[in-house]
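S.K.: Below are the sequence and a predicted model for it; my questions follow.
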Amino acid sequence: MINRRKLIVALGASALAAPFDLFAQQSGKIPRIGFLANGFRAELSDPSSNWSGFLEGLRALGYVEGKNIIVEWRFAEGKLERQTQLIAELVQLKVDVIVVTGTQGAQAASRATKTIPIVIGNITDPVGLGLVASLARPGGNITGLCNMAEDLSPKYVELLKAFVPNFSRVAFLINPANSVHPLIFKGIQSAAAAHGIKVLQVDAKSAPDLEPAFAAMKRERIQGVIVGADGFFSESRRRLAELAGTHRIAMIGPASNYTEAGALMSYGQNSRDSVRRAATYVDKILKGANPALLPIEQSTKLDLVVNRKTANAFGLKIPQEILLRADAVIE
């Protein structure tokens, strides 16, 4: 498990040694970045999306898409099985850096190439997944940013317990294709057991699975659901919030965009900021840094966001302790 107290931000001059053999070092050549997103191309026009955050990060560093940098976008449209094919396309194009923001995309990229630098945008436990040797010294062609979703399991349970009266049954919504979710589920089981709370694992890997998943929760008299960090769930967050409201199940998501979509609350890293910061790694690599020596950054800033409108619809009063801790309350 990643130590959440450990923040690695040492991206200094020592990490820039041993330049990688990149075309960016060749004069007169425009850098070409491959970006694998799990969502849809239409989200590029949404200023709040993770993908527009990446472009914002590039602009802050002086890069303008189509002018002095080319971004080869690939969108899986919520279908994890497409990611291997899309990564293969980027490798075939011989892009100079590949950026991925999900666990499956990172694993597919790692299998597809050991020479093209890969920047991860928000991956849980890249060491445990075998993607890198360590956070301080990745040792291969992968670097970037990671989250600590695995360490947050107790907080999800505690927040729901504080919010929901007589809280005794919680579900964890898991994508069977997401290799990190079983690790998170173990943490939730342990935290829930400490409070005498029953845990139900509910699977969903495509849109048709969502309604039956919530129907199953309703039959089991589930009071709250924890949504695992996952690209498909993020793209489906509005539908998830809608179903949670219909079945009157308090939902906590891993990022603020879930609360904005109608979830009761969210707790976790700002995923858009992580993807925006991925641009700084791209910049360093294009300037000659070796990804094997670029430490992976683990964010310790966590946002708690509460949706008052959803709480009112559920007949729930926001506890004072949560109001005091909240970074934002959506009215």
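M.R.: Looks like it came in fine.
S.K.: ok, and for stretch 292-301, which residues are buried?
M.R.: The neighbour-count check on stretch 292-301 (16 or more other Cβ atoms under 10 Å) flags 292-299 as buried. Using the backbone N, CA and C atoms, a C-beta is placed for each residue, glycine as well.
S.K.: For residue 272, state which of these is nearest.
M.R.: Nearest to residue 272, judged by Cβ to Cβ, of these is residue 299 at 12.0 Å.
S.K.: Chain neighbours aside, what residue packs nearest to that closest one?
M.R.: Here the nearest residue to residue 299 in space, its sequence neighbours aside, is residue 269; by Cβ to Cβ, 6 or more residues apart in numbering that works out to 5.1 Å.
S.K.: where do the strands sit along the stretch 201-331 of the chain?
M.R.: 224-227, 250-253, 265-268, 297-298, 303-307, 328-330 (DSSP state E, counting those that start in this stretch).
S.K.: about what we covered before: let me have the buried residues of stretch 292-301 in CSV, adding pLDDT and distance to residue 324 as columns.
M.R.: Putting the buried residues of stretch 292-301 into CSV (pLDDT from 0 to 100; distance: Cβ to Cβ, whole Å) gives the following:
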residue, pLDDT, distance to residue 324
292, 97, 44
293, 96, 42
294, 97, 38
295, 96, 34
296, 95, 33
297, 92, 29
298, 84, 26
299, 72, 22
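S.K.: Out of these, flag the one nearest to residue 107.
M.R.: Once Cβ to Cβ is applied, the member of the buried residues of stretch 292-301 that ends up nearest residue 107 is residue 296, at 15.6 Å.
S.K.: Contacts for the helix-or-strand element of the chain with minimal mean pLDDT, please.
M.R.: Averaged element by element with mean pLDDT, DSSP states H and E, the chain has its least confident helix or strand at helix 231-235 (a mean of 82). In this structure, residues lying in contact with helix 231-235 by Cβ atoms under 8 Å, 6 or more residues apart in numbering are 37-40, 76, 78, 80, 101-102, 104-105, 173, 175, 204-206, 227, 240, 253, 255, 257-258, 271.
S.K.: Report the buried members of those residues.
M.R.: A residue is treated as buried here by neighbour count (16+ other Cβ under 10 Å); on that basis the buried members of those are 37-39, 76, 78, 80, 101-102, 104-105, 173, 175, 204-205, 227, 240, 253, 255, 257-258, 271.
S.K.: coming back round to it: for residue 210, find the nearest of the strands of the stretch 201-331 of the chain.
M.R.: Taking Cβ to Cβ, strand 224-227 is the member of the strands of the stretch 201-331 of the chain nearest to residue 210, at 10.9 Å.
S.K.: what mean pLDDT would you report for that closest one?
M.R.: Model confidence over strand 224-227, given as mean pLDDT, is 97.
S.K.: do stretch 198-215 as well
M.R.: 95.
S.K.: out of all of them, which helix in the chain is the longest?
M.R.: The residue-count maximum for a helix in the chain (DSSP state H) belongs to helix 271-286.
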